[in-house]
Each structure stands twice: as structure tokens, then as C-alpha cells.
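1. sharing a model that was predicted from the sequence below.
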Amino acid sequence: MDHATEEETAATGRRILVAVDEGDESVHALKWCLSSFAKRGGGGDGAAPADTIILLYVRPPPPTYSVLDASGYVFSDEVAAAIDGYSREVAEAVVEKAQKLCTLYCKEVGDGEASHEMKVEVKVAVGDARNVICQMVDKLGADVLVMGSHGYGLFKRALLGSVSDYCVRNANCPVLIVKS
């Protein structure tokens, strides 16, 4: 997908994709984005348009189990459904917390005026976070990707596979990594 031209961005504001998860690092990144990077609408004639914040939470794919797991226990469909249900509840809680942060921030900065509100969209996707985030950058036409970082060292990042490192190399837009 083509990203907005400078003229389109000036008229509509930027589309800022913020990857959120259960960690404090993503909360810190969202707070930084709201306070230091994203623009709110000015409310007057000729004022800069508000940026759109797109909150993205990526759920892990549902587990696939054989009839017997490694310990010999039988996994029923009910167990798999319970795990998937829990994953959905976590996603809802994370997204709700992120939305509240956006709302509170706009009220604090804009003194409650509707003219200072920021557009917020919410997307929940399923899959490997690294791939899904990069795909959603394209699908949603994001101008910038903002994400937190655990701040792991080189060895641990290589061993665990850093989502932020992957996105820096593969996302089709600028990526801002916010460290706690």
C-alpha cells in the first residue's frame, strides 16, 4: 500500500501505528508518543489536523495440540477454547488500557476541549507479532510505527528474536523504538 504523500499528510495528519502488549515498555512507548510525538487537532481555522493513533495488539495464534501432549495428557477442544478465550480477554484488557491512556492524555492536554481530541483506532490481529506488525503497517497505511523495547543486549536479542529489531529491518515506514 502506498503511504500518504506529504500533501495528504498535511491535510489529514499522520497515521501512527503504536504496537501495544502487556509489557510496561509498550505503555511507556504509547505515553511518549502521546506526549512528545503525536499532534492533536488545534480546533481553529488553519490549525494542524490531528494525527490518527492506531493501537495494534497482536494475539499469539491459537495453540494447536495433538490428541496427546508430550506428557501423555489428552487435550480437549474445551482446553484449547479456554486458552483462546484467555488470549481474547488479555487482548481486550490491553487495548482498553491503551484507549484510556489516549483519552486521559487528550483531556489533560486539551483541558477537556473536544477540539483537542486525537483520532484513535484499535486493531487486534492474530499471528507472529513480527510479521503481523509489518503487514499491518502496509494494510493500514501507517506513516510511522512506534513500539517499545525491552532493552535486551545483543546476545539475548539474537537468542529470543527481537520484535523491534525485525520491524526496523522489515517495516515499510520509519520505526521509532522507545526505550524505558
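-> That came through fine.

2. use CA for all of it now, contacts and neighbours both
-> Fine.

3. just the pLDDT at residue 79, thanks.
-> We have a pLDDT of 75 for residue 79.

4. quick one: buried residues of the helix or strand it falls within?
-> Assigned by DSSP states H and E, residue 79 belongs to helix 77-110. Buried residues in helix 77-110, counted by 16 or more other Cα atoms under 10 Å: 84, 87, 90-91, 94-95, 98-99, 101-103, 105-106, 110.

5. ok, the residues you listed vs residue 50, which is closest?
-> Nearest to residue 50 out of the buried residues of helix 77-110 is residue 106 (Cα to Cα; 11.2 Å).

6. the closest one against residue 119, yeah?
-> No - assessed by Cα atoms under 8 Å, residue 106 is found out of contact with residue 119, at 10.0 Å.

7. ok, which stretches of this protein are strands?
-> Using DSSP state E, the strands of the chain run over residues 15-20, 52-59, 119-126, 144-149, 175-179.

8. counting contacts, what elements does the last one pack onto?
-> In terms of contact count using 3 or more Cα pairs under 8 Å, 6 or more residues apart in numbering; DSSP states H and E, strand 175-179 is assigned the packing partners helix 24-32, strand 144-149, helix 163-170.

9. what residues does that strand touch?
-> 25, 28-29, 32, 144-151, 164, 167-168 (Cα atoms under 8 Å, 6 or more residues apart in numbering).
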